[in-house]
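> below is the sequence, then the predicted model.
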Amino acid sequence: MSRSSPDAVLIRDAVESDLARITEIYNWTIVDNHVSFDTEPFDEARRLRWWKDRPVDLPCLVAEIDGDVVGVSYASRYRPKPAYRSSAETTIVLDQRHLGRGVGTTLLGAMVERLRGEGFHRAIAIVALPNDASIALHHKLGYRTAGVLTDVGSKLGEYWDTEILERPLTPEGS
Ligand SMILES: CC(C)(COP(=O)(O)OP(=O)(O)OC[C@H]1O[C@@H](n2cnc3c(N)ncnc32)[C@H](O)[C@@H]1OP(=O)(O)O)[C@@H](O)C(=O)NCCC(=O)NCCS
């Protein structure tokens, strides 16, 4: 666990009783929003399936302020084939009421450190564009832009680009 000022953010592993808040927090990036490439909001049952299907070696962290969960960051398999197991895709979403106050920096920073501690070699983020806040956050935390895929998502009657970013977790060459 770790704390940081000014918002006194507590970072901890998510537990099953966090799922309702995780669902609320995540769903705002789905509905009328290109940020998530999900197209249907999660309901309780689907979120519970997602939780139970998560591989045990991949962390899911939440940020709490004054006892309320205000953000979630989780790691997923980047690609299913076994050789990709040393890489993890990271996702982060905050409650809309807590944007721009450093919570993302604290939460994603904790995720990077956790993945490093678990022995992962690369963190990958895939950001639907435009998303200035997300790109700024990832660059701040040491992710570098690997490239942009054009028109790879189709949502809300438009095509959307994604930026792929990678974050070395172990010294280069090791
Ligand atoms: C992306 C997100 C997690 C960022 O978290 P946050 O707590 O708002 O970010 P922070 O306050 O820690 O700021 C991190 C950096 O981004 C910059 N930043 C924050 N909001 C920004 C904005 N709207 N435009 C440009 N830069 C921004 C900050 O200035 C800061 O950089 P600095 O310290 O060099 O000044 C948050 O905006 C969010 O949940 N967005 C919706 C979901 C999403 O886009 N997730 C990422 C998808 S992969």
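Looks like it arrived, so ask away.
> where does Arg114 land in three-state SS?
helix (DSSP: H, G, I helix; E, B strand; the rest coil).
> going forward can the numbers begin at 680, since that is how I track them
Sure, I'll start numbering at 680, so the last one becomes Arg793.
> what number of residues lie near it?
Neighbourhood size, Arg793 [other CB atoms under 10 Å]: 21. All C-beta spots, glycine's among them, are computed from the backbone N, C-alpha and C.
> repeat that for Ile701.
By the criterion of other CB under 10 Å, Ile701 has 21 neighbours.
> now for the helix or strand containing it, which elements pack on it?
Element membership for Ile701 (DSSP states H and E) is helix 698-706. Applying 3 or more CB pairs under 8 Å, 6 or more residues apart in numbering; DSSP states H and E, we find helix 698-706 packed against helix 723-732, strand 747-756, strand 766-773.
> mean neighbour count, distance to Ala812 and mean pLDDT added to these, as JSON lines?
Below are the helices and strands packed on helix 698-706 laid out as JSON lines (neighbours: other CB atoms under 10 Å; distance: least, CB to CB, whole Å; pLDDT from 0 to 100):
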{"stretch": "helix 723-732", "mean neighbour count": "12", "distance to Ala812": "24", "mean pLDDT": "97"}
{"stretch": "strand 747-756", "mean neighbour count": "20", "distance to Ala812": "13", "mean pLDDT": "98"}
{"stretch": "strand 766-773", "mean neighbour count": "21", "distance to Ala812": "9", "mean pLDDT": "98"}
